[in-house]
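>>> What follows is a predicted protein model with its sequence.
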Amino acid sequence: MTEEPLVLVEWDNKYSVGIALIDDQHKELIRLTNELYQGCLAGNEEAEDFFFKTVRKVLDYTKFHFSAEEKLMENVRYPKYAEHKKQHEDFVIQTLNDVKSFQGGKKFVPNNFVRYLKDWILSHIAITDTQYAKYIHELKRQGTLGNVIGI
Ligand SMILES: [Fe+2]
């Protein structure tokens with residue numbers, strides 16, 4: 001029998017974008033993903049109850065984190081701000097739709113959802129967040145970053 005691991009994803013320094021404020025928020029997102037995952041290991045009905053309670057928490061924190069990132073990108077006049085913001089918006093819409101369709105009777109497969117969440121977060125950090133972080137580090141290197149709060 002194969003035992004399910006208790007943690008789906010662990011923070012690794014390779015996920016760091018080099019901005020402490022953002023790394024801390026990404027760590028919290030990973031922690032919440034694990035919380036959701038752990039709840040999904042319970043029996044079916046319990047898992048479902050837990051899922052609907054916890055997914056709210058995940059979405060609330062995600063929205064808080066996205067707006068922190070968007071503020072930061074606006075402050076440094078990041079050229080790909082609109083594209084990045086669109087990814088955030090699409091994620092929120094997609095996730096809300098998923099939750100709604102589970103509530104509307106679509107077969108609930110918590111493990112699939114939590115894996116989608118994990119994959120989205122990790123690839124978003126690795127590709128999209130890394131791009132704006134590089135831009136910020138470059139401004140810093142050139143000495144043109146100015147006083148941006150939070151970095
Ligand atoms: Fe982002």
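Alright, I've got the coordinates. Residues are numbered from 1 along each chain as shown.
>>> The most centrally placed residue in the chain: which element?
Centroid check for the chain by Cα atoms, centre = their mean gives I121 as the closest residue, at 4.3 Å. According to DSSP states H and E, I121 maps onto helix 110-123.
>>> any idea how far the helix or strand that that helix is followed by is from the chain center?
Following helix 110-123 in sequence order, the next helix or strand is helix 130-142 (DSSP H and E). With Cα atoms, centre = their mean, to the nearest Å as the basis, helix 130-142 stands 21 Å off its chain's centre.
>>> hmm, who's touching helix 130-142?
Here helix 130-142 makes contact (Cβ atoms under 8 Å, 6 or more residues apart in numbering) with 17-19, 22, 69, 72-73, 76, 78-80, 84, 145, 148, 151. In short, each C-beta sits where N, CA and C put it, glycine included.
>>> What subset of the residues you listed is buried?
V17, I19, I22, E69, L72, M73, V76, Y78, H84, I151 (16 or more other Cβ atoms under 10 Å).
>>> Longest helix of this protein, counting residues only.
helix 44-75 (DSSP state H).
>>> picking up where we left off before, which SSE is the closest residue in space to the residue nearest to the centre of the chain that isn't next to it in sequence in?
Of all residues not flanking I121 in the chain, L29 sits nearest, at 5.6 Å (Cβ to Cβ, 6 or more residues apart in numbering). According to DSSP H and E, L29 maps onto helix 20-40.
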